[in-house]
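Colleague: A structural model of the following input is requested.
(one chain, ligands or ions: 1)
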Amino acid sequence: MNFLKQNLSTEEAYNYYLKEADEDWKKGALYIRVSTNDQVEYSPASQIKIGLKYAIENQIFISHEHIFQDDGISGRQTDKRLDFMKMITLAKSKSHPFDVILVYSFSRFARNREDSIVYKSMLRKKCGVDVISITQPLSEGKESIILESIYEAMDEYYSLDLSENSRRGKQEKATRGEWQGNPPYGYIYDKNTKQLIIDEEKAKIVNMIYNDYVNGMSIKGIANKLAKKGLKSTRGGFFTDRVLKRILYNPAYIGKVRFCVGGFKRNYSNPNIQIFDGKHQPIIDKELFDKAQAINAQKEELSFKYKKPQPKHEHWLRGLLKCGDCGKFMVKIKVHNRTNAYFQCNGYIKGICFRSHHILESKVVGLILNQLKQDFTDKLNINISLSNYENESELDMINIKIKKLLQKEKKIKEAFYSGIDTLNEYKENKEAVEKEIKKLKKEYNSLKLMSSKQSKLEQIYAKSEKAYKILSDDTAPDELKSTIAHTLFEKIVYDKDNEELIIYYK
Ligand SMILES: [Zn+2]
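Modeller: Here you go, the predicted model:
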């Protein structure tokens, strides 16, 4: 059968192929790619025919669904190669539907030389699938050994995992305008259609956010407004400034998808960001979105010019000091070139607490240390020692009383045995004494317990005294201070209304 006859259609050629092929042959796939500037001899039909001819000559069975074809349009960006990705996914799948992929030439198989080597190497080593070029057969000789070592070197160099989750896969998806990852606020991801659908209620809020922003409201102001309405973000948290920023920068709201190699990492001005037309409906109109972007750009420029970064500093009060309004932890902030560090409510910084709890570090530390000193050093000297002393002497007294009663009990027994007391008298006296002893022992135990509690308190106080010394020592390491503060305090609340700190000991 001459497969190469011009007038033979692809389907006819495949039918002829099936008559001669045997299903027991080695399983193969055929990959066809054409580009717009190809001449007739490289048309899909002729590539298929040549491939099928080769398959018969080399005893390869290709089932119809394993003929993959991409119509490449020249220009790399638009070269989507859906079938190629489908074929690679199948090659990697556990079912291992074919052992070999036939291509017209390696240049048809991959977009460039690097890709070609990487894919071939990956398919061979990880999937046990060989890629064979019909027009460039490899001999088993030197050449293939050299190539093999190049594959390995390239493979190590790129160590690409070409799964759906890989960068390449993600890039492909983005190029096609498909949404990846969690849906942005205002959308729901429909698993069946694999598309974003608008959540009407939330879409209204997105619109409100954009309108407020464009009308001059600050991000913190918007956060406040939403928090006061009790609205929560997708993950159930407040709309913090970070969440709002994500919304205000997201082109998803005008029906686009965004892609960035290596992720954004919240750098919205990353030059690697690529934007593609998405398959979902927009929530915000383009004009409104563009106005918001203009404000974003203006703010970026301003913050770049004037704002110095405000890193959050470690401090031994970290994880202890809380805002009296919202209950969130307060963080230490130190502005460059300024000597006075201060604490601020983290909720306020994020725009979800409504009142500033700015307090100087020196002030807050001073107040805590003073209170510590007052609470412990003073009490320790007066109350505790005294009450403990009283306890000790009382315990001794009870002990003496018990000893006397035991002696009395002995005498009662002697009186009975020597015939002075009758059995009834003995019983009566004995019960009275035993009752008294029991009562005293009970008293003794409870006093003893109190005393041990006191001594425990005393221990805490002693520890606190030591803690005070360390916490007030400027040269003590912060880590040690932190450990000590956490063993001593449950929390410390800054009550703005009364300008006071409420210390909760553990
Ligand atoms: Zn707060």
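Colleague: what sits against A21?
Modeller: Residues near A21 by CB atoms under 8 Å, 6 or more residues apart in numbering: A55, I56, F61, I62. (Each C-beta comes from the backbone N, C-alpha and C, glycine too.)
Colleague: Restricted to helices, list those.
Modeller: Residues of the contacts of A21 located in helices (DSSP state H): A55, I56.
Colleague: Most neighbours among the contacts of A21, please name it.
Modeller: I62 (27 neighbours; other CB atoms under 10 Å).
Colleague: That one and K26 touch, don't they?
Modeller: No. Assessed by CB atoms under 8 Å, I62 is found out of contact with K26, at 10.0 Å.
Colleague: In JSON lines, list the contacts of A21 along with pLDDT and distance to the ion.
Modeller: Formatted as JSON lines, the contacts of A21 follow (pLDDT from 0 to 100; distance: CB to the ion, whole Å):
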{"residue": "A55", "pLDDT": "93", "distance to the ion": "72"}
{"residue": "I56", "pLDDT": "91", "distance to the ion": "77"}
{"residue": "F61", "pLDDT": "94", "distance to the ion": "70"}
{"residue": "I62", "pLDDT": "95", "distance to the ion": "68"}
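Colleague: and which of the contacts of A21 is nearest H358?
Modeller: I62 (73.3 Å; CB to CB).
Colleague: who's in contact with that closest one?
Modeller: Counted by CB under 8 Å, 6+ apart, I62 has contacts Y17, A21, K27, G28, A29, L30, G51, L52, A55, F98, L102.
Colleague: how about 10 Å then?
Modeller: Residues near I62 by CB atoms under 10 Å, 6 or more residues apart in numbering: 14, 17-18, 21, 25-30, 48, 51-52, 54-56, 98, 100-102.
Colleague: Which members of these are classed as buried?
Modeller: 14, 17, 21, 27-30, 48, 51-52, 54-56, 98, 100-102 (16 or more other CB atoms under 10 Å).
Colleague: Just the closest residue of the stretch 351-500 of the chain to the ion, please.
Modeller: C353 (3.0 Å; CB to the ion).
Colleague: returning to what we had before: mutual contacts of I62 and K26, please.
Modeller: A55, F98, V100.
Colleague: Please, where are all the helices along the stretch 201-350 of the chain?
Modeller: 219-228, 241-249, 286-305, 346-349 (DSSP state H, counting those that start in this stretch).
Colleague: Just give me the neighbour total for the closest residue to G351 other than its chain neighbours.
Modeller: Of all residues not flanking G351 in the chain, A223 sits nearest, at 3.0 Å (CB to CB, 6 or more residues apart in numbering). The number of residues packed near A223 is 25, by other CB under 10 Å.
Colleague: now H357
Modeller: 23.
Colleague: Just confirm it is within a strand.
Modeller: No. Judged by DSSP: H, G, I helix; E, B strand; the rest coil, H357 forms no part of a strand; its state is coil.
Colleague: what separates it from D241, distance-wise?
Modeller: Distance, H357 to D241, by CB to CB, to the nearest Å: 17 Å.
Colleague: Contacts only, for K225.
Modeller: Contacts of K225 (CB under 10 Å, 6+ apart): M208, I209, D212, M217, L231, F239, G351.
Colleague: could you point out where the stretch 351-500 of the chain is predicted with low confidence?
Modeller: Scanning the stretch 351-500 of the chain for pLDDT under 70 picks out the ranges 376-392, 452-463.
Colleague: Would you mind writing the CA trace of stretch 56-72 as PDB?
Modeller: Taking C-alpha atoms only, stretch 56-72 is exported to PDB below (Å, rounded to 0.1, in the frame of the first residue of the first chain):
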ATOM      1  CA  ILE A  56       4.200  -0.500   9.900                       C
ATOM      2  CA  GLU A  57       7.800  -0.900   8.900                       C
ATOM      3  CA  ASN A  58       8.800  -0.900  12.500                       C
ATOM      4  CA  GLN A  59       5.900  -2.800  13.900                       C
ATOM      5  CA  ILE A  60       4.300  -0.100  16.000                       C
ATOM      6  CA  PHE A  61       0.600  -0.100  16.800                       C
ATOM      7  CA  ILE A  62      -1.000   3.300  16.900                       C
ATOM      8  CA  SER A  63      -4.600   3.500  18.000                       C
ATOM      9  CA  HIS A  64      -6.600   6.300  16.500                       C
ATOM     10  CA  GLU A  65      -7.000   8.300  19.800                       C
ATOM     11  CA  HIS A  66      -3.200   8.300  20.000                       C
ATOM     12  CA  ILE A  67      -2.700  10.500  17.000                       C
ATOM     13  CA  PHE A  68      -2.200  14.000  18.400                       C
ATOM     14  CA  GLN A  69      -2.200  17.000  16.300                       C
ATOM     15  CA  ASP A  70      -1.500  20.700  17.100                       C
ATOM     16  CA  ASP A  71      -1.900  23.400  14.500                       C
ATOM     17  CA  GLY A  72       0.900  25.600  15.400                       C
END
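Colleague: Give me the buried positions along that stretch.
Modeller: Applying 16+ other CB under 10 Å to stretch 56-72 flags I56, I60, F61, I62, H66, I67, F68, Q69, D70, G72 as buried.
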